[in-house]
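My questions concern the predicted model and sequence given below.
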Amino acid sequence: MVVAPPSKALDAPNLLAAATMAGFLYVVRLVAEIERQQTAWSPFWRDTADGREPIYRRMVVFGSLIALGMEALQHIVEQGVNFHFRRKKESVPLPHNPNQHLDELATIDKVFIGCNKLLTVFFVYHLTQASLLFPHVKWGLDEFTFMNTGGALILFFFIYDFGYATFHWILHWPSLYRLVHMHHHRQISPTRGNYDAINVHPFEFLVGEYNHLFVVWLVPCHAATILSFLIFGGVLASLNHTRLDLQIPGFYDVRNHDVHHRWPRSNYGQYTMFWDRVFGWYRDYAPPHLPKKPSSNQLSAESSKAKVP
């Protein structure tokens, strides 16, 4: 079994700062570009005389909503998984080796999680503004069709995973792996849901988020489809980092990502293994090797040794 060693990239704060700052500057530049274009954007908190509100007001509202949304996602997934195991006593969590679990989040983990939550605010704001500009994104209630809702949603997942799986594969090139992706593989047996899912280097997180925007740019769709894609995708990505043994036949299986955390050079897709099968990256699920529990005789012998003569 391939076990990722502790990340040496964590000892490079200058690299982290540079990558994070570059990400922020890139997102700010994109948002500013959208701001220079007149759109139909008309938020409910507009109150200025000239009909345009300062960008900071939008960002405050967006930041608050997205922060609440991400905390709600974490809570819903966590409580949903716990409720499932309480209600279905026969349901068994995916086995995991407790010796391979990252029990305590280090400072760098908390920094990455917080930074990625902040990056999500910029991304969602930009995605909303860009969706208003894309002529193929429909917003009217009378513009719903199967092709721009159900059909588009299916395309979203398969096109997104093509970009994600390819980028993920590149991140496992040795030079990039040490600098960026190794951090995520410190957690070999994920259990925390969304927190483990977004505990990645900010550069990796930013590229993954803007892969969504690339998909929206490609596929004619309805705004409701984009919202469904973000919510449904966020839930599935979070469930990938739990011990819930969940499958959606022909599409999604939590076991596939569990395999990736134990054998990192396989199963690069986020949702579907279609592209992994196409490119030969797929690996079947196999339960992890668990530490053997001591027998009653061994426990008795150890107890005898511990007695004071």
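Yep, it's here. Residues are numbered from 1 along each chain as shown.

what about the strands in the stretch 51-200 of the chain?
Counting by DSSP state E, counting those that start in this stretch, the stretch 51-200 of the chain has strands at residues 137-138.

quick one, helices of it?
Here the stretch 51-200 of the chain has its helices, by DSSP state H, counting those that start in this stretch, at 55-87, 107-133, 152-171, 174-179, 194-197.

Can you give me every residue that contacts Phe167?
Residues in contact with Phe167 (C-beta atoms under 8 Å, 6 or more residues apart in numbering) are 207-208, 211. C-beta: built from backbone N, CA, C; applies to glycine.

Columns mean pLDDT and distance to His96 on top of the helices of the stretch 51-200 of the chain, output as a markdown table?
Below are these laid out as a markdown table (pLDDT from 0 to 100; distance: least, C-beta to C-beta, whole Å):
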| stretch | mean pLDDT | distance to His96 |
| --- | --- | --- |
| helix 55-87 | 82 | 14 |
| helix 107-133 | 90 | 18 |
| helix 152-171 | 96 | 21 |
| helix 174-179 | 91 | 23 |
| helix 194-197 | 94 | 12 |
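
between those helices, which gets nearest to Arg283?
helix 152-171 (13.3 Å; C-beta to C-beta).

from the contacts of Phe167, which ones fall inside helices?
Judged by DSSP state H, helices contain the following of those: 207-208, 211.

of the residues you listed, closest to Pro288?
Distances from Pro288 to the ones in helices among the contacts of Phe167, taken by C-beta to C-beta, are shortest for Gly208, at 26.0 Å.

Would you agree that closest one is in contact with Ala165?
No - the pair Gly208 and Ala165 does not pass the contact test of C-beta atoms under 8 Å, sitting 11.2 Å apart.

I'd like to check which residues are in contact with His260.
His260 sits next to 266-268 when contact means C-beta under 8 Å, 6+ apart.

that older thread, of the ones in helices among the contacts of Phe167, closest to Leu118?
The nearest one, if we look at the ones in helices among the contacts of Phe167 relative to Leu118 and count by C-beta to C-beta, is Gly208, at 15.1 Å.

Please report how far that closest one lies from Ser189.
With distances taken as C-beta to C-beta, to the nearest Å, Gly208 is found 22 Å from Ser189.

again with Tyr268
Relative to Ser189, Tyr268 is positioned 19 Å away (C-beta to C-beta).
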